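Visitor: Just a sequence and a predicted model for now, questions to come.
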Amino acid sequence: MSRSVLVTGGNRGIGLAVAGALARAGDRVALTYRTGEPPQSATELGCLAVTCDVTDAAQVEQAFKEVEAAHGPVEVLVANAGITRDQLLLRMTEKDFADVLDTNVMGVFRVVRRAAEGMVEARRGRIVLISSVVGLLGAAGQTNYAASKAGLVGFARSVAREFGSRGVTCNVVAPGFVETDMTKALNDRQRAAMLSKVPLGRSSQAEEVAAAVRFLASEDAAYVTGAVLPVDGGLGMGH
């Protein structure tokens, strides 16, 4: 069954891999990007690209209207858009902290609330939030990011309880060390230090995270809600 899917922050990395996986599975996929021209990758995948800064409620509303006009009400939402502003706590500004929470938590609130309107009415829907192993383990220099990603777990489980009786599931995927543009910026020492903590001894590909999202968005996961699915090579075991 072809469903209307929206992936926020879908123009690169994990978001793009998720959009591609769901598009290849036959869904009608829209992805958001924040600025500039529509990403060429969206065209190649046959995805609808819409501009949306999730910190702006008006842009969120406009993005949903565009998606609904083209594909119908959103039936699957993957909330992936996020930012980092890494800094040690004693050097972190209030703006650094607030900006990360506004995008990573308030942004998720805005898109989930808007998508849930149609899902509750239709009595079906899939919501998947992209968190991080950092939200479970913590990381020096990432108090803002870790707080935002940990917050998604409580948010998702509350949404799961609110909408479960309406056939709407809400789950979390917590990736670990994924090969993206962000991690490619690490030097060899940083990369080796991170990988030394991963039991599988390697980083993951964005497509491996996308596979977990695809499962949670599928009918096979109809009885899975409020779950946190780690895709981290064992890095966060026990958390």
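Guide: Arrived safely.

Visitor: State the mean pLDDT of the longest helix belonging to the chain.
Guide: Using DSSP state H, we find that the single longest helix of the chain is helix 143-163. Averaging pLDDT along helix 143-163 gives 98.

Visitor: any residues touching it, and which ones?
Guide: 82, 84-86, 89, 92, 96-97, 100-101, 103-105, 108-109, 112, 116, 119-120, 125, 127, 129, 131-132, 134-139, 168-172, 174, 225-226, 228 (Cβ atoms under 8 Å, 6 or more residues apart in numbering). From N, CA and C alone the C-beta is placed, and that goes for glycine too.

Visitor: ok now it, how far from the chain's centre?
Guide: From the chain centre to the centre of helix 143-163 is a distance of 12 Å (Cα atoms, centre = their mean, to the nearest Å).

Visitor: do the same with stretch 9-21
Guide: Using Cα atoms, centre = their mean, the offset of stretch 9-21 from its chain centre is 9 Å.

Visitor: quick one, strands of this structure?
Guide: Secondary structure of the chain (DSSP state E): strands at 4-7, 28-33, 48-51, 76-79, 125-130, 168-175, 228-231.

Visitor: Need those strands in TSV (columns: mean pLDDT and mean neighbour count).
Guide: Shown next, in TSV, are those (pLDDT from 0 to 100; neighbours: other Cβ atoms under 10 Å):
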stretch	mean pLDDT	mean neighbour count
strand 4-7	98	27
strand 28-33	98	27
strand 48-51	97	20
strand 76-79	98	28
strand 125-130	98	26
strand 168-175	98	26
strand 228-231	97	20
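
Visitor: For PyMOL, write a command that selects the buried ones of the contacts of helix 143-163.
Guide: To isolate the buried ones among the contacts of helix 143-163 in PyMOL, judged by 16 or more other Cβ atoms under 10 Å, type:
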select buried, resi 82+84+85+92+96+97+100+103+104+105+108+109+112+116+119+120+125+127+129+131+132+134+135+136+137+168+169+170+171+172+174+225+226+228
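
Visitor: picking that back up, quick one, which of the strands of the chain gets closest to K65.
Guide: Evaluated over the strands of the chain, closeness to K65 peaks at strand 48-51, with 9.3 Å, by Cβ to Cβ.

Visitor: in its sheet, what does that closest one sit against?
Guide: strand 28-33 (parallel) (DSSP bridges).

Visitor: With only the CA atoms kept, save the strand it pairs with in PDB.
Guide: Presented in PDB, the C-alpha positions along strand 28-33 are these (Å, rounded to 0.1, in the frame of the first residue of the first chain):
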ATOM      1  CA  ARG A  28       4.800   8.500  -1.800                       C
ATOM      2  CA  VAL A  29       7.600  10.300   0.000                       C
ATOM      3  CA  ALA A  30       8.100  14.000   0.800                       C
ATOM      4  CA  LEU A  31      11.200  15.300   2.400                       C
ATOM      5  CA  THR A  32      12.000  18.700   3.900                       C
ATOM      6  CA  TYR A  33      15.100  20.800   3.400                       C
END
